[in-house]
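J.: sequence first, then the predicted structure, then my questions.
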Amino acid sequence: MAEILSILWSLLVLFLWFETNVFYEYLHRIPFLSKVLGFQDYDKNKELYDHCSYQEFLPIQYNNFFVKLISCPYCLGFWTSLSTTFAFSDWKFFPLVYFGSLVSYFGIKKLLSFFGA
């Protein structure tokens, strides 16, 4: 049961980060975070990057190691799975949590594209 909980939390982070604008919509209202997370640059350059989401804008504007980690579903999935495994489960279930969250995420993404969402 704890492994399923770990998979679901990792899946939630992946889905919210890559498929929605929830982080941008809520966190850009906090002035300190808006500056640190590059929301101000994104807002200023929206005309140039109109076709890009915030997550697509980050690697274009900021080419660094941290941005590469959060721009890749496999990398972000690894770290979220690792943290949720240690929070809810035993470390030996990490491979199950990691692959389970990735399969779930890409499966949901495929289902959404199939239904045109």
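T.: On my side now, so go ahead.
J.: same for the helix or strand containing residue 4, what does it pack against?
T.: Element membership for residue 4 (DSSP states H and E) is helix 2-19. If contacts are counted by 3 or more C-beta pairs under 8 Å, 6 or more residues apart in numbering; DSSP states H and E, helix 2-19 sits against helix 22-27, helix 73-88, helix 94-114. No exception for glycine: its C-beta is placed from N, CA and C like everyone else's.
J.: how about it: buried residues?
T.: Buried residues in helix 2-19, counting neighbours by 16 or more other C-beta atoms under 10 Å, are found at 3, 6-11, 13-15, 17-18.
J.: what about this structure, any weak spots by pLDDT?
T.: Across the chain, the ranges flagged by pLDDT under 70 are 49, 117.
J.: spatially speaking, which residue is in the middle of it?
T.: residue 17 (3.2 Å; C-alpha atoms, centre = their mean).
J.: contacts only, for the closest residue to residue 94 other than its chain neighbours.
T.: Nearest residue to residue 94 in three dimensions, chain neighbours excluded: residue 85, at 4.6 Å (C-beta to C-beta, 6 or more residues apart in numbering). Neighbouring residues of residue 85 by C-beta atoms under 8 Å, 6 or more residues apart in numbering: 6, 91, 93-94, 97-98.
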